[in-house]
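# Okay, predicted coordinates and the sequence, questions at the end:
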Amino acid sequence: MKFEIRNLKRILPILGIFFCALSALAADVQMSIEPQLISLLDRAVLKVEFINASGNALDIPQVDGLNIQYQGQSSETRIVNMKRTSKVVHTYLVTPSKVGDFTIGPVTAQYKGGQKELTAQLRVIKPSDDKKAQEISELMYSEISTDRHAPHVQEPFELTLKVFIRDGVQIDGNFAIRGGMPENGMDGDLAWNVIDQTREEVNGSIFKVYTLAATARTLTAGTFTFQPQVQMNVIIPRQERRSYGFDDPFFGDFFGRQETRPFVLDCNKLQVNVQPVPMAGRPDSFTGGVGIFDFDVSIGPNKVKAGEPITIKMRIAGNGNLTQITPPKIQENHAFKLYDARTVATDKPNEILFEQVLIPKSDSVTNVPPISFSYFNTKTTDFRTITRGPFPVTVEAAPQQAAQVIATVPSTIQQETKILGRDIVYLKPAPEHWKTAADRTWYEQPLFRVLLALPLLLLLLIAGGTARHNQLAGNVALARRQKAPKAARRHVQLAEQARRKKDEKAFYEALWNALAEYFGHRLNLAPGEVALPAVRTAFPKQQESIDHLFNTIEQRRYGFTAEAPLAPDEMKALLNELTSTLKKCERVRL
Amino acid sequence: MNKFLRIIIGLLLCLATAQAQDESFQKAQTAYDEGRYAEAVLLYESLIERGIDNPELHYNLANACFKDSDLPKAVSHYRTAWYDLPRDPDIKANLHFALNAAGAIESTPSFLEHLFYSLSRSEWIIVAVIGYILLTLLFILMLFMKRARRTLLRIGLIPAALLLLAGFGWNQWRQLSIHPEWVVVKTEATALFGPVEGSTAHFKLPLGALVQQRSTDSKGWVEVEYDGKQGWLKTDHISPVSP
């Protein structure tokens, strides 16, 4: 029994430590929201924590009056008193749009140890400085309107967007319009500008009202829906104040007592029914104008000589699609030459100017014909034509030389007056060679491209060769250096022949010549200057074999040695030594 | 031996094919002469389907199409033939005749355009190659004849000018690849101000009119230029002409 109690005393602490460690590793998942009580303009942070387990972000169900956005995940590991705890935290940002008590969830979380139903409670109260507001839309909202509910295609119409901010709500003054515009049929993007800022009373509350305006124009007829989403930043004081040891408001703001939060405002839906420009009754002189316009024409000079230009200035002013209007047409006539009209820059936003040059060919021209401008009047919903002219001009006969130039008939008129044959020209006979599409585009074949490169390559080769030749001609040392191996090779071959013939004298003579020619060319030495000291200095690493070769060959050549003639194998060895030494010297850079 | 036999068989096949093409061409000519224009169109088209691409074939097909009252196709094939033989008076006359018959306005080329369209794209490339080879030869001569370098440099201006001119000419034809030509194939084709159904009508185009593409839209619209005006047409109203 004593033994059992003694053993139990030993086992119990170990078991205690084991169970403590086990409890530290127990997996769990928790959901929390901070703070649980916020005002309408504030936000809360929802956290889902997987403790000692890993888990994916949960799909939090939508809650009416709350906007829940996933922010990301973080993980942390702590070791306290030898206990290790790890956490994976998924964070969500909760933005209320109305006051009330909200329950987030239940949502089921799966984790290592099983699954758990999670819920969180949030209370949203009215802002402290506005006890009436129940929803964000009562604090801030926007309204869109237009000056014309049934404009015509291409007719510009004004869109006005009013942004209402209840007095007391601070914003940073920046507006962004995101989406809510028709996707098709609009002529370009809308450019919104803040045109006014006032204070207005709405339902007994004071609002700051920002008025934004934009000009819209459609390319097609139909119903266009506008419901812009205005995003703006509201400046909100932080709920949890940090303490930095300074109680000064400057430091408070500097260290983050205020923050800006983006809000997207509610807006009404505006539908605009765009009417088509009718095809019926469209005059020939219609050049695309839709709106209400005036048309003026002036010409100058009124008195010219034949062949001198008269400038016709056309001005279209008013409200409408000015940039879409093409120049009014001037009726062409054989009596004058007409150049294309061009647009002239103007400072005034509600007008467009065209200039066209007309050259009378002879003194028979007495006036510039009338010019008509037709447009679709959006007020009376019919086509209107404004005609100006004719404009009397005095044209004097030109001097003979100038008249000859003017007598050239413009090609366009030539085409009109050319008398055509009564029928087309007859068929062509069968071609001599039948061609395929590939034959026609022979210049796209790879072979052609390769051949095209050949002359250039030839030029490069010849240029390279010529440059090399010129270089060698101007540099004797280099030229001799190039000759050295070839000269040595010739004498080595002679030595080999002499060895085979067992002509010892010729053999040593050839060996000597090989040495003398090679080193003479290589070191640019005169024939008499090729001597052992000069060669030894130039090739220090080959001194030993060079000494041996020079001494042996000279002694054998002049018979200074009393030794017996070399055996054929020894002669071959000497020849090989010479060849290998010269090869080694060839690799040396001087 | 086998190789030799293969060459002989290949040559015979080529001859037989060429003869068959000649026969089809002659049959089409006969059909045209006898007033069976639709048949002539089919025969000429069968040759084109076989890969034949001679300008004479396009010209004859265009004639048959014209006689068969298919103006858009006639204009299209006259223009295709003109790309290869831009100086051919018959092609120019018949194209002009067909466009007049269609009531279409022909664009008037400027002096430079007229100059650069006087040679076909292949001919400009040949001019460029000649200029290039001459220039290379002159440079090679300059390497050997140092004393005559100045004279050779002056002579070199001629091939250099040829090369430059050919470059401009080639570029002129390249514009047809960038801004291809189309022919109007539907009656009552109306160019609109914008690339959207229901957009305002801008101008009307006669059947068979030649228009040049300015830009395209991903939804099947082509911005075309005709008689100095630009407007948008659906691709089902036009058919491509440019190679």
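Great, that's in hand.

# Tell me who's in contact with the closest residue to residue B:138 other than its chain neighbours.
Distances taken as CB to CB, 6 or more residues apart in numbering or on different chains place residue B:156 nearest to residue B:138, at 4.7 Å, with adjacent residues excluded. C-beta coordinates here come from the backbone N, C-alpha and C atoms, glycine included. The contact partners of residue B:156, by CB atoms under 8 Å, 6 or more residues apart in numbering or on different chains, come to B:135, B:138-139.

# Could you pull up phi and psi at residue B:156?
phi -60, psi -20 (degrees, to the nearest 10).

# Can you give me the buried ones in stretch A:546-565?
Along stretch A:546-565, these residues count as buried under the neighbour rule (16 or more other CB atoms under 10 Å in any protein chain shown): A:546, A:549-550, A:552-554, A:556.

# which residues touch it?
With CB under 8 Å, 6+ apart as the test, stretch A:546-565 has contacts from A:504-505, A:508-509, A:511-512, A:515, A:532, A:535-536, A:539, A:566, A:574, A:577-578, A:581.

# Which members of the buried residues of stretch A:546-565 are the farthest-apart pair?
The span of those, defined through CB to CB, is set by A:546 and A:556 at 16.0 Å.

# quick one, domains of chain B?
B:2-102, B:113-175, B:181-240 (automatic domain parsing).

# Out of these, which is closest to residue A:37?
Closest to residue A:37 of the domains of chain B, according to CB to CB: domain B:181-240, at 53.2 Å.

# And that closest one, how far out from the chain middle?
In terms of CA atoms, centre = their mean, to the nearest Å, the centre of domain B:181-240 is set 20 Å apart from its chain centre.

# what's the closest of the contacts of stretch A:546-565 to residue B:178?
Taking the contacts of stretch A:546-565 together and measuring to residue B:178 by CB to CB, the closest member is residue A:539, at 67.1 Å.

# so does stretch A:320-330 get close to chain B?
Yes - applying CB under 8 Å from any CB of the partner chain, one finds stretch A:320-330 in contact with chain B at A:324, A:326.

# Please point out which parts of that stretch sit buried.
If you call a residue buried by 16+ other CB under 10 Å, then stretch A:320-330 has these buried ones: A:320-322, A:324-328, A:330.

# if we can go back for a sec, any idea how far the residue nearest to residue B:138 lies from residue B:130?
Distance, residue B:156 to residue B:130, using CB to CB, to the nearest Å: 14 Å.

# buried set for stretch A:140-150?
A:140-142, A:144, A:146, A:148.

# scratch that, stretch B:46-64
B:47-48, B:52-64.

# Strands of chain B, start to end?
B:181-184, B:189-192, B:201-205, B:210-217, B:221-226, B:229-234, B:238-240 (DSSP state E).

# Quick one: check the longest one for contact with chain A.
If I follow you right, that is strand B:210-217. No - figure legend: strand B:210-217 not in contact with chain A (CB under 8 Å from any CB); closest approach 11.7 Å.

# out of the buried residues of stretch A:140-150, what pair is the most spread apart?
Between any two of the buried residues of stretch A:140-150 (CB to CB), the greatest distance is 27.8 Å, for A:140 and A:148.

# Nearest residue to the middle of chain B?
When CA atoms, centre = their mean is applied to chain B, the residue found nearest the centroid is residue B:83 (2.5 Å).

# Can you tell me how far residue A:136 is from residue A:162?
17 Å.

# more crowded one of these two?
Taking other CB atoms under 10 Å in any protein chain shown, residue A:136 and residue A:162 do not tie; residue A:136 has more neighbours (23 against 20).

# was I right about the more buried one contacting residue A:234?
No - using CB atoms under 8 Å, residue A:136 makes no contact with residue A:234, being 9.5 Å away.

# neighbours of the residue in chain B that chain A sits nearest to, just the number please.
For chain B, the residue closest to chain A is residue B:194, as judged by CB to the nearest CB, at 3.4 Å. As a burial measure, residue B:194 scores 23 neighbours (other CB under 10 Å).

# Could you do residue A:314 as well?
Residue A:314: 22 neighbours (other CB under 10 Å).

# In space, what's closest to it - neighbours in sequence excluded?
residue A:354 (4.4 Å).

# got it, and residue A:443?
Once flanking residues are discounted, residue A:443 sits nearest to residue B:125: 4.7 Å by CB to CB, 6+ apart.
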